[in-house]
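> Quick one: sequence plus predicted model below, questions after.
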Amino acid sequence: MADFFDQLGDILFLDIETASLTEKFEELDSRLQEEWIKKERLIRMENPSEAPGSLYFDRAGIHAEFGQVICVGVGFFQSKKKDKKLFFRSKVFTDPVERELLSALNELLDKKKWVLCAHNGKEFDFPYLCRRMLIQGIPLPEPLQITGKKPWEVRHLDTMEMWKFGDYKHYTRLELLAAVFGIPTSKDGIDGSQVNAAFYLENDIEKISRYCLRDVEVTARIFMAMHPQLDDLTIEIIHSEDSKKDHKD
């Protein structure tokens, strides 16, 4: 038990929110427009008659080459073993300039040998962060450096992968796991499909930040639910001061 508590404090739970590089397809760099059209052809094979660029606003944000990181939520546990209480401290990084946001996150990730944990993080959050950092000319922090490492040297956890137990047949949504474990939803007023609209049309980074932080908390609670021997622990959520700048038009 003591070892688990010690290891738990090294886990940084993480969630990212992303948006398309530009609000409108026509504002995208011409070379990237050409590449998006090629990618879009593969996405919309069932509806080839749609106008080129028509899927850009709704779909570009999930592709690191055509999207950007607009928000990163992080959290970690601190424990009081005698009181059987866990404190979960979380904060959010936002900045209208992606490079500044990623640089601030980079500083945090380089502070210690974190074990990173996210839901579907191995397929989305971790590689997306790596790609955007390199595009922005930011050296990868040690926890995101996986090239040349043996599988057991990569300190990445993925709650979706943990839940699969070796079964790779299907994707399991964070919300589904929250539902089966009786964890309150993070989808209160917004979900992932609405982030681009909230960012560009509503200019509401606050709404996105709250949603991102809730996803981080839900991920952490799901991780704990997969360790039922600890179900007598009390978890107290503490939101740290946000690391952000006011979003500008």
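Arrived safely, thanks for sending.
> ok, longest strand in this protein?
Of all the segments assigned as strand in the chain under DSSP state E, the longest by residue count is strand 67-80.
> so where is this protein shaky, pLDDT-wise?
Low-confidence segments of the chain, defined by pLDDT under 70, are located at 1-5, 45-49, 80-84, 186, 229-249.
> Dump the lengthiest helix in the chain to PDB, restricted to CA.
The helix of greatest length in the chain, counted in residues with DSSP state H as the criterion, is given as helix 205-225. Listed in PDB are the C-alpha atoms of helix 205-225, where the atom choice follows Å, rounded to 0.1, in the frame of the first residue of the first chain:
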ATOM      1  CA  ILE A 205     -12.200  29.600 -23.400                       C
ATOM      2  CA  GLU A 206     -13.500  29.500 -19.800                       C
ATOM      3  CA  LYS A 207     -16.200  27.000 -20.700                       C
ATOM      4  CA  ILE A 208     -13.600  24.900 -22.500                       C
ATOM      5  CA  SER A 209     -11.200  25.100 -19.500                       C
ATOM      6  CA  ARG A 210     -13.900  23.900 -17.100                       C
ATOM      7  CA  TYR A 211     -14.800  21.000 -19.300                       C
ATOM      8  CA  CYS A 212     -11.100  20.100 -19.700                       C
ATOM      9  CA  LEU A 213     -10.500  20.100 -15.900                       C
ATOM     10  CA  ARG A 214     -13.600  18.000 -15.300                       C
ATOM     11  CA  ASP A 215     -12.200  15.400 -17.800                       C
ATOM     12  CA  VAL A 216      -8.900  15.300 -15.900                       C
ATOM     13  CA  GLU A 217     -10.800  14.700 -12.600                       C
ATOM     14  CA  VAL A 218     -13.000  12.000 -14.200                       C
ATOM     15  CA  THR A 219      -9.900  10.300 -15.600                       C
ATOM     16  CA  ALA A 220      -8.300  10.300 -12.200                       C
ATOM     17  CA  ARG A 221     -11.400   9.000 -10.500                       C
ATOM     18  CA  ILE A 222     -11.700   6.200 -13.100                       C
ATOM     19  CA  PHE A 223      -8.000   5.300 -12.400                       C
ATOM     20  CA  MET A 224      -8.800   5.000  -8.700                       C
ATOM     21  CA  ALA A 225     -12.000   3.000  -9.400                       C
END
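> Just list what that helix packs against, helices and strands only.
On a contact count with 3 or more C-beta pairs under 8 Å, 6 or more residues apart in numbering; DSSP states H and E, helix 205-225 meets strand 11-20, strand 67-80, strand 85-94, strand 115-118, helix 159-164, helix 174-180, helix 195-200, strand 234-239. Just so you know, the C-beta spots here come from the backbone N, C-alpha and C atoms, and that holds for glycine as well.
> need the contact list for residue 114.
In this structure, residue 114 makes contact with 10, 11, 12, 143, 155, judged by C-beta atoms under 8 Å, 6 or more residues apart in numbering.
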